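Asks: Model the structure of this input:
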Amino acid sequence: MAPHTAEHTRRAIPAIPRRTLLLGTAGALGAAGAAGGCARVPSGDGLARLRSQGTVRLGIAGEVPYGYIDEQGEFTGEAPELAKAVFQRLGVPRIQPVATDFASLIPGLNSQQFDVVSAGMYINKERCAQVVFSDPEYQMLDSFIVRKGNPLNLRSYDDVVRSKAKFATGTGYAEIDYAVAAGYPEKDIVILQDQVAGLNAVESGRVDVFAGTALTAREVVKGSAKAESTEPFAAIVDGKKKIDGGGFAFRPTDTVLRDAFNTEIHKMKKSGELFRILRRFGFTESEMTELTAKELCR
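Replies: Residues are numbered from 1 along each chain as shown. I've put the predicted structure just below:
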């Protein structure tokens, strides 16, 4: 709730060691430091400011495949790789990752710890009251991590409620709201760091099910001898199927920057370049979308 959300989405690797993060971004940090003192660019013109600095700071949550530092210390993920391509087109050649907890992404953005949230964040009404979103780069259904054979036959949030299964999901995930909407007591939900912790909890029998995005669920169970992911499904909220979409978040004052970003995203959708970037991270063609932020903010 991608992440992911009150997810969308969204923390598939342990907390990133500060040393690893710094090693992977030393050049960008130095460039950002050199440009950071430019006070002549009006603070309200985010795009002009970033062009002047030559660097954009991206808030990430250390979640595979949305935005993370890999084992070689390289900064990657679907959102950062997409951001690299878009900001190059916008005249901002360097990116600087800033790692934080998923729940801290919006507060960190609005307190200017970074310039853009680049974490595949689900777009929803609550978040739209705090930030402005680009149109989504993908759409996503939910999926469960369950024990092999799915012994409780869990294929929806209603199934979880009926079976009284021990239910878990991630910090800040939209799946919390979806379970509650189905009637699961919020106080009984087990909150875990990410889908890796969710997989471990299911494999060990500490929980019966962990809910996340279809992409993160299917990726994290690869190679597991004890767990599997269910078929993707749409959560039901207020009687309607919920299809989520993830995008980039900007400060409410940065609509010019957001609009410029959107223009490039739409060009990349039309050319097929956006899918070529995202499919490297496990996205399927059916997860590409023509949804808009306006639709998802309702």
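
Asks: Could you pull up the residues touching residue 117?
Replies: Residue 117 sits next to 58-59, 105-106, 109, 131, 248-250 when contact means Cβ atoms under 8 Å, 6 or more residues apart in numbering. Every C-beta, even on glycine, is put in place using the N, C-alpha and C of the backbone.

Asks: Kindly provide the distance from it to residue 194.
Replies: Per Cβ to Cβ, to the nearest Å, residue 117 is found 17 Å from residue 194.

Asks: Which one of the contacts of residue 117 sits in the busiest neighbourhood?
Replies: With neighbours taken as other Cβ atoms under 10 Å, the top of the contacts of residue 117 is residue 248, carrying 30 neighbours.

Asks: Can you tell me the element that one falls in?
Replies: If you go by DSSP states H and E, residue 248 is part of strand 244-250.

Asks: partners of that strand in the sheet?
Replies: Strand 244-250 has the following strand partners under DSSP bridges: strand 116-122 (antiparallel), strand 132-133 (antiparallel), strand 138-140 (antiparallel).

Asks: for the helix or strand just after that strand, what is the average pLDDT?
Replies: Downstream of strand 244-250, the next assigned helix or strand under DSSP H and E is helix 255-271. Mean pLDDT, helix 255-271: 98.

Asks: Give me the contacts around helix 255-271.
Replies: Contacts of helix 255-271 (Cβ under 8 Å, 6+ apart): 45-47, 50, 82, 85-86, 89-90, 116, 132-135, 137, 248, 250, 274-275, 277, 288, 290.

Asks: List the ones among the residues you listed that fall in strands.
Replies: Using DSSP state E, the members of the contacts of helix 255-271 that fall in strands are 116, 132-133, 248, 250.

Asks: Compute the number of surrounding residues for the nearest residue to residue 199 once chain neighbours are set aside.
Replies: Spatial nearest neighbour of residue 199, excluding adjacent residues (Cβ to Cβ, 6 or more residues apart in numbering): residue 220 at 5.1 Å. By other Cβ under 10 Å, 23 other residues sit near residue 220.

Asks: Now do the same contact list for residue 220.
Replies: 12, 64, 145, 195-196, 198-199, 212, 229.

Asks: Quickly note the distance from residue 173 to residue 124.
Replies: The gap separating residue 173 from residue 124 is 12 Å, by Cβ to Cβ.

Asks: So which of those two has more stuff around it?
Replies: Each of residue 173 and residue 124 has its neighbours counted (other Cβ under 10 Å); residue 173 has more, 37 against 22.

Asks: Quick check, that one in contact with residue 216.
Replies: No: the pair formed by residue 173 and residue 216 falls short of the contact definition of Cβ atoms under 8 Å, at 10.0 Å.

Asks: Take the contacts of residue 220 and keep only those in strands.
Replies: If you go by DSSP E, the contacts of residue 220 have 145, 212, 229 in strands.

Asks: Tabulate those (CSV), appending distance to residue 71.
Replies: Putting those into CSV (distance: Cβ to Cβ, whole Å) gives the following:
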residue, distance to residue 71
145, 22
212, 22
229, 23
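
Asks: By neighbours, which of the residues you listed wins?
Replies: Using other Cβ under 10 Å as the neighbour test, the ones in strands among the contacts of residue 220 are led by residue 212, with 39 neighbours.
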